[in-house]
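Engineer: one predicted model, sequence on top.
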Amino acid sequence: MPLITCHFSDGASFEVNAPGGRSFLELALEQGVPIRNQCRSGTCLSCICLGAPDSEPLTVQAGRATSLMPAERDEGKMLCCVSEATADGALHFGYSSQEIGPSEVQAFVDSVEWIASDAVKLTVELAEGHWLDFRAGQYVEVTIPGSSEVRSYSMCTAPAELPKLAFMIRMLDSGLMSEYLRDSAKPDDVLKLRGPFGDFSWTGSRSRPQLFIAGGTGLSPICSILQEIRTTSGSKPPLTLNLGCASPDALLDPMFLRRLESWMPTLRLNLCVESGAQQDHVSGNALVPVDFESLDPDTEAYVCGPEGLIDAAIERLLSAGLTPGSIHYERFVASGTA
């Protein structure tokens, strides 16, 4: 039976007896190892770890898939939720074993505002005595009122705006959350939130150019990061935001984005639409404005949106000379219809 040692950044170590045939994450959690996790499907990257240079103790399980880039896998990175142990070895986790886990909090609906033809901004306020320590770019699970179903949504607000939180949510004709927001949501409704989750957050760099590429409601966590940069004291790095949507009426809150551009002198905004482009739009998807041939290889890139956009962006950014560690991405975690 493989024996895996898990090392955390605070120096703590845990040994896991890991018989083959089961997810290493499941076994580790059963044995009290505090590994971050959320989707358990190889999508959200919460359970990422790094193997020792001379060993590969985990192997992706048959029939499972990982969203890691090939370059990340070559570096020895693995996802615990879709892997099983095949040999003795060590794994390294880049956070403390004492890290506080997700919280369950209550919030009151403040408003539901249409910000595009197919999207709303849901604003809530945490109930008195409830708090949520999150990093800009993270997300929470929201329980749909009247059901046990949950949906995952990224905050579009910065931590400095607490106790208020806001989310950009795509509306679907038959989605449970969409039906609630469209037909019955009202001020002071109580919502249950659980989180935060995710590692998609700003690194804090103030000297390297920052490129943000968003598709649709993938804008939500990127807005949170930009608001964090805006409200944090100190110099601001060169910033570029490319938002891509199908048509002009699907662009999320363009007036707010233009105001954000005016508030942040180092921010350049490109609104990209695939059809019906107007005078102030770029025709095409969110990759069209990027000059990959002359892109500064020191750029940090943040990409969030549909899987096809993320895969295309990663491929072109790597070809432009960016290192895998400079490319941060958030794939949508499937949780049923919205």
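Structural biologist: Happy to help now that I have it.
Engineer: show me what the helix or strand encompassing I310 is packed against.
Structural biologist: Per DSSP states H and E: I310 is located in helix 307-319. Helix 307-319 makes packing contacts with strand 210-215, strand 300-305, strand 327-331 when contacts are defined by 3 or more CB pairs under 8 Å, 6 or more residues apart in numbering; DSSP states H and E. (C-beta placed from N, C-alpha, C; glycine too.)
Engineer: that one versus strand 210-215: what angle between them?
Structural biologist: For helix 307-319 against strand 210-215, the angle between stretch directions is 150 degrees (axes from the mean of the first three to the mean of the last three CA atoms, to 10 degrees).
Engineer: flag every buried residue along helix 307-319.
Structural biologist: Neighbour counts over helix 307-319 (16 or more other CB atoms under 10 Å) mark 309-310, 312-314, 317-318 as buried.
Engineer: and for stretch 46-56?
Structural biologist: Along stretch 46-56, the positions that meet the burial threshold by neighbour count (16+ other CB under 10 Å) are 46-51.
Engineer: could you redo these as TSV and give each row secondary structure and distance to F93?
Structural biologist: Formatted as TSV, the entries for the buried residues of stretch 46-56 read as follows, by DSSP: H, G, I helix; E, B strand; the rest coil; distance: CB to CB, whole Å:
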residue	secondary structure	distance to F93
S46	coil	11
C47	coil	9
I48	strand	8
C49	strand	5
L50	strand	8
G51	strand	11
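Engineer: so which of these would you say is closest to V105?
Structural biologist: For the buried residues of stretch 46-56, the minimum distance to V105 (CB to CB) is 19.0 Å, reached by S46.
Engineer: got a pLDDT number for T66?
Structural biologist: T66 carries a pLDDT score of 86 in this model.
Engineer: and it, what does it touch?
Structural biologist: For T66, the contact set (CB atoms under 8 Å, 6 or more residues apart in numbering) comprises 42, 60, 73, 78-79, 82-83.
Engineer: so which of the residues you listed comes closest to F134?
Structural biologist: Distance to F134, by CB to CB, is smallest for L79 among those, at 22.0 Å.
Engineer: pull the contacting residues for that closest one.
Structural biologist: 42, 45, 47-49, 60, 66-68.
Engineer: where does the stretch 51-200 of the chain have low pLDDT?
Structural biologist: Filtered on pLDDT under 70, the stretch 51-200 of the chain yields the residue ranges 53, 100.
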